[in-house]
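Engineer: Please work out how this folds:
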Amino acid sequence: MTGDVDAQAFSTELAELKRGGCTVLVASDAPGRGVACQRLLGAPELDRSHVFLTTSTDVSEVLDRHRPRRTDPGSFAVVDATPDRRSTAAAGTATTPQPAAGDDWYARVPDQTDFDDLYATTRDALDRVVSGVDAPSEVRLCLDGLDPLLEAVEAGDASEEGLFRFLHLLAGAVRDVDGMGHVHVSETVDDGRLGTFEPLFDATVDIETTATGDARQRWRLHDSGRETDWFQF
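Structural biologist: Just a heads-up that it's a prediction; the model follows:
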């Protein structure tokens with residue numbers, strides 16, 4: 001970490017956010033996205049509980065990426081808000097089977113623009129996995145794509161006020177369980193579309209992939225305004 005930012009002050013502030021619960025916005029390019037997500041979820045050998053809210057990624061892919069972490073219902077949940085379930089033929093090519101309706105770790109929200117249902121289902125998942133947690137930041141939440149929700153607002157299929165309220169409540173729910181959440185958004189989404197929603201997050205993390213194929217990150221903490229230069233994962 002280089003530049004004018006005080007590395008010790010940055011590390012201290014970030015540690016305080018993690019202890020009290022926080023949510024970060026991750027603006028990432030496609031190659032760098034996976035590395036950032038895995039780091040924010042915590043290393044597989046760490047004892048973490050996870051909630052995935054997916055708006056665009058098939059559940060079988062979420063399960064494949066989650067390996068070898070635990071998938072017992074007490075520490076793992078998937079809220080499936082993808083617009084359409086994958087076809088039977090396509091699902092047959094997956095390395096992981098599609099979930100059954102009775103799977104305790106799985107919940108389906110058929111309309112991703114029904115923000116009340118989306119929040120209530122995700123909150124139920126958070127409350128369930130937190131029951132076995134002993135320390136701050138052990139609960140990790142990933143919302144895999146803000147883009148479809150922004151596009152729904154832009155198309156008039158959902159209200160900006162409704163999305164704002166949903167993200168506000170979601171961030172509050174993560175703080176309530178002393179968890180750490182991250183929300184992915186494409187780096188191509190312009191600041192004008194994000195301007196209303198970005199202040200709801202505790203930090204923004206920009207991720208990019210260098211010419212050599214390495215992913216690097218840049219953090220901005222919103223309360224203090226501290227911003228790092230680019231540094232490697």
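
Engineer: Pretty sure residue 10 sits against residue 218.
Structural biologist: No. Contact criterion Cβ atoms under 8 Å: residue 10 and residue 218 do not qualify, at 11.6 Å. (Glycine included, C-beta is placed from N, CA and C.)

Engineer: Now the common contact residues for those two.
Structural biologist: Common neighbours of residue 10 and residue 218, using Cβ atoms under 8 Å, 6 or more residues apart in numbering, are residue 228.

Engineer: Longest helix in this structure, by number of residues?
Structural biologist: Taking DSSP state H as the criterion, the chain has its longest helix at helix 160-176.

Engineer: From the contact counts, what lies against that one?
Structural biologist: strand 22-28, helix 115-129, strand 139-143, helix 147-155, strand 180-186 (3 or more Cβ pairs under 8 Å, 6 or more residues apart in numbering; DSSP states H and E).

Engineer: distance between the shortest one and the chain's centre?
Structural biologist: In other words, strand 139-143. Relative to the centre of its chain, strand 139-143 is centred 5 Å away, using Cα atoms, centre = their mean, to the nearest Å.

Engineer: and it, what's its mean pLDDT?
Structural biologist: Here strand 139-143 scores 96 as its mean pLDDT.

Engineer: So what touches that strand?
Structural biologist: For strand 139-143, contacts defined as Cβ under 8 Å, 6+ apart pick out 23, 37, 40-42, 48-53, 55, 122, 126, 129-130, 133, 170, 174, 177-184.

Engineer: quick revisit: what about the helices and strands packed on helix 160-176, which gets the closest to residue 228?
Structural biologist: strand 22-28 (13.1 Å; Cβ to Cβ).

Engineer: so what secondary structure elements neighbour the closest one?
Structural biologist: Helices and strands touching strand 22-28, by 3+ Cβ pairs under 8 Å, 6+ apart, are helix 30-41, helix 160-176, strand 180-186, strand 203-209.

Engineer: Pick the most deeply packed of these.
Structural biologist: Counting by mean count of other Cβ atoms under 10 Å, strand 180-186 has the highest mean neighbour count of the helices and strands packed on strand 22-28, with a mean of 22.

Engineer: CA atoms only for it - export them in PDB, please.
Structural biologist: Output of strand 180-186 as PDB, limited to C-alpha atoms (Å, rounded to 0.1, in the frame of the first residue of the first chain):
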ATOM      1  CA  MET A 180     -19.000  -8.300   6.500                       C
ATOM      2  CA  GLY A 181     -20.900  -8.000   3.300                       C
ATOM      3  CA  HIS A 182     -19.800  -7.100  -0.200                       C
ATOM      4  CA  VAL A 183     -21.800  -6.200  -3.300                       C
ATOM      5  CA  HIS A 184     -20.400  -6.500  -6.800                       C
ATOM      6  CA  VAL A 185     -21.000  -4.000  -9.500                       C
ATOM      7  CA  SER A 186     -19.400  -3.800 -12.900                       C
END
